[in-house]
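In: Requesting a structural model of the entry that follows:
(one chain, ligands or ions: 1)
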Amino acid sequence: MDIFEKTHQFTAAKEAIKEGYYPYFIPLNENEGTEVVYKGHRLIMCGSNNYLGLTTHPKVREAAMEAIRRYGTSCTGSRFLNGTLEMHEELERRLAKWVKKEAALVFSTGMQANLGAVSAIVGRGDYVILDKDDHASIVDGARLSFGEIARFRHNDVTHLEKVLQSLPESAGKLVVVDGVFSMGGDLALLKEMVPVCQKYGARLMVDDAHGMGVMGGGRGTAEELGVTAQVDLIMSTFSKSFASLGGFIAGDEDVVHYIKHHARSLIFSASIPPANAAAALAALEIMEQEPERVQRVIHIGKKMKKSFEEMGYNTGNSQTPIIPIIIGDDQKTFFFWKALFEAGVFVNPVISPAVPPGMQLLRTSYMATHTDEQLDQVLEIFYQIGKQMAII
Ligand code: PMP
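Out: This is a model prediction of the structure:
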């Protein structure tokens, strides 16, 4: 049996490309934040995680360029050996302070932060307990660990308690949830989870990739829900509000020190490049100095959700600037995506298995830098196409 046989059988994506309904890996040749260009066709970007619009901020651009001038383009080695700059440590100190934890550790991506932290902490005989909608990088971190994996129904605290109850009392337990769920835009019920975790001696880790910079005045979902001190580990990424690439984990000094010396994705991979670290630092500084950006993206999220609902769209349980438009059918979702794309709106179609059947959706997300005119145009286009396709 040729191990490549499956690659010849994999035709679904090729067929979609041929038919012109392939919505992934779209190569853009201009990207100025709220507007992008594909083959000369200008679109309003409603599918990015650039929540604060900082990827094009002059201070962030300049910080990245200055870092290249000063340190070059790469650290060419792991944090563990030759790849640590003072700037990495400054970034860690500033992040720890921002999320109100003793220490933070920077990884080269958010994916690597989850892979490294979860697999370092969850050892043989331990349990890692996941929400069924957790991000793939958490699931993969759990799979890499030597512990056992248990799951509970999405945001179902009663089920979480049942699962915890069923595990051996003496075993180490780590519950890991997204702070803001990346597809639905809903918040983890952290306030309700904290006492349940405490009752069963479980530690709680929150992946706040989509909450950091947006919720809790920019400090994240735990801060928004008033449980920062009770959440043991806060993880986030630089690839969204921080306008860069990288990730971090924050918590108690000893725990972060342990992860630093056990996370294989940190030790055996090159450190975040100078430009990316500098961009994240500059973005953090802007978050501290310009709280109006956070207020603006929250305001936009509320306005868009309300407008979509008034038109008759199903936007699920979103409480953030991620607003799903639930269509409930693969083909309709692709047709809708294509009509929007041609009309000049970029969104992300999400079909099963990424979401359960019946929950196929268009993921829309917003930035503090979207203008009211752009948003009105997006709403108008959604209204026209939704009517034409009899979705509303
Ligand atoms: N966690 C969540 C919830 C995410 O959405 C993502 C990225 N989509 C990641 C982790 C991984 O982050 P990164 O892009 O920095 O690898």
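
In: worst-scoring helix or strand of the chain, pLDDT-wise?
Out: In the chain, no helix or strand scores lower on mean pLDDT, DSSP states H and E than helix 12-19, which sits at a mean of 90.

In: Extract the C-alpha set from it and format it as CSV.
Out: Coordinates of each C-alpha in helix 12-19 appear next as CSV, following Å, rounded to 0.1, in the frame of the first residue of the first chain:
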residue,chain,number,x,y,z
ALA,A,12,-13.0,17.7,-2.2
ALA,A,13,-10.9,20.8,-2.1
LYS,A,14,-9.8,20.5,-5.7
GLU,A,15,-13.4,20.2,-6.8
ALA,A,16,-14.4,23.3,-4.8
ILE,A,17,-11.5,25.2,-6.4
LYS,A,18,-12.6,24.2,-9.9
GLU,A,19,-16.2,25.2,-9.2
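
In: ok now it, how far from the chain's centre?
Out: From the chain centre to the centre of helix 12-19 is a distance of 28 Å (C-alpha atoms, centre = their mean, to the nearest Å).

In: From the contact counts, what lies against it?
Out: Helices and strands touching helix 12-19, as assessed by 3 or more C-beta pairs under 8 Å, 6 or more residues apart in numbering; DSSP states H and E, are absent. Every C-beta, even on glycine, is put in place using the N, C-alpha and C of the backbone.

In: List the contacts of that helix.
Out: Contacts to helix 12-19, defined as C-beta atoms under 8 Å, 6 or more residues apart in numbering, come from residues 22, 24, 334.

In: Flag every residue of the protein that's near the ligand.
Out: Applying C-beta under 6 Å from any ligand atom, one finds that the chain approaches the ligand through 109-111, 114, 135, 137, 178, 182, 207, 209-210, 237, 239, 247.

In: which one among these gets closest to the ligand?
Out: Nearest to the ligand among the residues of the chain next to the ligand: G110, at 2.5 Å, using C-beta to the nearest ligand atom.

In: how close does that closest one sit to R219?
Out: Separation of G110 from R219 (C-beta to C-beta, to the nearest Å) stands at 17 Å.

In: Same question for A117.
Out: The gap separating A117 from R219 is 19 Å, by C-beta to C-beta.

In: Surely G184 touches P324?
Out: Yes: under the criterion of C-beta atoms under 8 Å, G184 makes contact with P324 at 5.7 Å.

In: Who has more neighbours out of the two?
Out: Applying other C-beta atoms under 10 Å to G184 and P324 shows that P324 carries more neighbours, namely 29 against 26.

In: I'd like the next helix or strand past the helix or strand encompassing that one.
Out: Using DSSP states H and E, P324 falls within strand 322-326. Sequence order places helix 330-343 as the next helix or strand after strand 322-326, per DSSP H and E.

In: Provide the strand pairings for the helix or strand that that next one is followed by, with the direction of each partner.
Out: Remark: after helix 330-343, the chain's next helix or strand is strand 345-346, criterion DSSP H and E. Strand 345-346 has its sheet partners listed here by DSSP bridges as strand 41-45 (parallel).

In: how far off helix 330-343 does the strand it pairs with point, in degrees?
Out: Using axes from the mean of the first three to the mean of the last three C-alpha atoms, to 10 degrees, one finds that strand 41-45 and helix 330-343 are set 120 degrees apart in direction.
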